[in-house]
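In: sequence-free structure coming up:
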């Protein structure tokens, strides 16, 4: 097998390898998201009642997107790139800054992305109903 092909297959696997001292996506969700979105992601966290706008039900992201989980859009929202005029959610980019891993957001292009952001996106996929 050509070295370039080996690298192409090895790069996506880098995101699956546990990195030392890097919290899991679940741990980051519990620490950063569950307060507002709730432990199950339904928007019913302890802080939700104190907010002017109800947190998004994260369990329906795929359903609201024609059955496809909008991973890149979700990561942009978490990181803080997706700024809307009515944005209530804080930007978590600085808190998730970590080692970069190649991530394919569905367009076939491997983009260097912080591993903690990738892991959080992967955890949110598991919450879909």
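Out: Looks like it came in fine. For clarity, every value in this text was computed on a predicted model and none was experimentally measured.

In: For residue 103, what are phi and psi?
Out: phi -130, psi 130 (degrees, to the nearest 10).

In: pretty sure it is touching residue 116, no?
Out: No: between residue 103 and residue 116 there is no contact under CB atoms under 8 Å: 11.7 Å. Where you see a C-beta, it was placed from the backbone N, CA and C, and this is true even at glycine.

In: partners of residue 110 in the sheet?
Out: residue 104 (DSSP bridges).

In: what packs against whichever strand or helix holds residue 76?
Out: Residue 76 belongs to helix 71-79 when elements are defined using DSSP states H and E. Where contact means 3 or more CB pairs under 8 Å, 6 or more residues apart in numbering; DSSP states H and E, helix 71-79 is packed against helix 93-96, helix 115-126.

In: looking at those, which is closest to residue 42?
Out: helix 115-126 (12.3 Å; CB to CB).

In: quick one: contacts of the helix holding residue 76?
Out: With CB atoms under 8 Å, 6 or more residues apart in numbering as the test, helix 71-79 has contacts from 61, 82, 89, 91-93, 96, 105-106, 113, 117-118, 120-121, 124-125.
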